[in-house]
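> predicted model and sequence follow; I will ask about them next.
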Amino acid sequence: MPNLHLLGTGAAISDPHRTTTMLAVSENEAPHHTVVVDCGGDVLQRLQACDRPIDSVEALIVTHAHMDHTSGFPLLMEKVWLDGRDRPLPVVGIEPALAQADRLWTAYEPVHAGWEGIPPIDWQEVTQKRDAMVWNDGPWTVTAAPVNHGDTPNVGLRFEHQSGPVLAYSCDTAPSENVVHLAQDADLLVHEANGTPGDNHSTAPEAAEAAAAANVDRLLLVHLPPGDKSAALKEARATFSHTDLGTELGTYSF
Ligand SMILES: [Zn+2]
């Protein structure tokens, strides 16, 4: 059975118990095929907190260049090296996101230049178009589509498990036709609810509209700003009743 792990559910600044939005997928039958999405914090510590070992990571997807989605990349590399990984680490994303991760790692070059046995980074570029292939290995087929995040190129994702279940992730975006496309008939839609209208993010009711338009089974709100979310949740449920706030470090089978 496939699982979603919400490794972080906050916006760049959020509540004391929510870190930046990062997620992973895994499955019970093959715990050594975890795919992680974004690293705007200590993503591997969060993965361990969800009972998935560091060595289970088969790929890292980076969605876009913003700090709250990429800034933990050098720490992730240090950790996989200390953990003894020797196989390459696939890092997958659109060109601007990969370039940002590469710059961050290169900034630490004076530190890691003498380290022995750092696992090779297998950069895999994703085309910025609808239904672009992201990852097709093990139980997962992952595709992407550009979303609407102002001047910053960004993609949403669709994860199809070989046994049928589907998960979609909006990433950071104002309301976007491509999110509805990615989420069509999905079991689970993880949608950001950071924003106020018109600021390159979505509100909770706008996320609910996407969930209803895509005919998904369940909506989880992430990228949550600080403060009370009860009014936003109530508004979202008025449009799409099966809506919940994402639980920090929550694991959801789907
Ligand atoms: Zn962003």
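The structure has been received and is ready for your questions.

> now do the helices in the stretch 151-254 of the chain.
For the stretch 151-254 of the chain, the helices defined by DSSP state H, counting those that start in this stretch occupy 177-182, 204-214, 230-239.

> relative to Leu89, which of those helices is closest?
For Leu89, the closest of the helices of the stretch 151-254 of the chain is helix 177-182, at 25.1 Å, according to C-beta to C-beta. For the C-beta atoms, the positions are set from N, CA and C on the backbone; glycine is no exception.

> before we move on, the earlier item: may I see the helices of the stretch 151-254 of the chain arranged in CSV, with distance to the ion, mean neighbour count and mean pLDDT as well?
Below are these laid out as CSV (distance: least, C-beta to the ion, whole Å; neighbours: other C-beta atoms under 10 Å; pLDDT from 0 to 100):
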stretch, distance to the ion, mean neighbour count, mean pLDDT
helix 177-182, 14, 22, 98
helix 204-214, 15, 23, 98
helix 230-239, 19, 16, 97
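
> can I get those helices in a markdown table with distance to Asp51?
Converted to a markdown table, those look like this (distance: least, C-beta to C-beta, whole Å):
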| stretch | distance to Asp51 |
| --- | --- |
| helix 177-182 | 28 |
| helix 204-214 | 28 |
| helix 230-239 | 28 |
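
> for the stretch 101-250 of the chain, which residue gets nearest to the ion?
Asp172 (3.6 Å; C-beta to the ion).

> measure Gly227 to Gly10 for me?
Counting by C-beta to C-beta, to the nearest Å, the gap from Gly227 to Gly10 is 11 Å.

> between these two, point out the one with more neighbours.
Gly10 (25 against 9; other C-beta atoms under 10 Å).

> any idea of the mean pLDDT for the helix or strand Leu6 falls within?
Leu6 belongs to strand 2-8 when elements are defined using DSSP states H and E. Across strand 2-8, the average pLDDT comes to 97.

> tell me how far it is from the chain's mean position?
Distance of strand 2-8 from the chain centroid (C-alpha atoms, centre = their mean, to the nearest Å) equals 9 Å.

> wait, is Glu116 part of a helix?
No - secondary structure of Glu116 (DSSP: H, G, I helix; E, B strand; the rest coil): coil, not part of a helix.

> before we move on, the earlier item: which residues touch the helix or strand just after the strand holding Leu6?
Counting by DSSP H and E, the next helix or strand C-terminal to strand 2-8 is strand 22-27. Contacts with strand 22-27, where a contact means C-beta atoms under 8 Å, 6 or more residues apart in numbering, come from 1-8, 33-41, 43, 46-47, 50, 52, 56, 69, 139-140, 159, 161, 167, 169, 190, 222.
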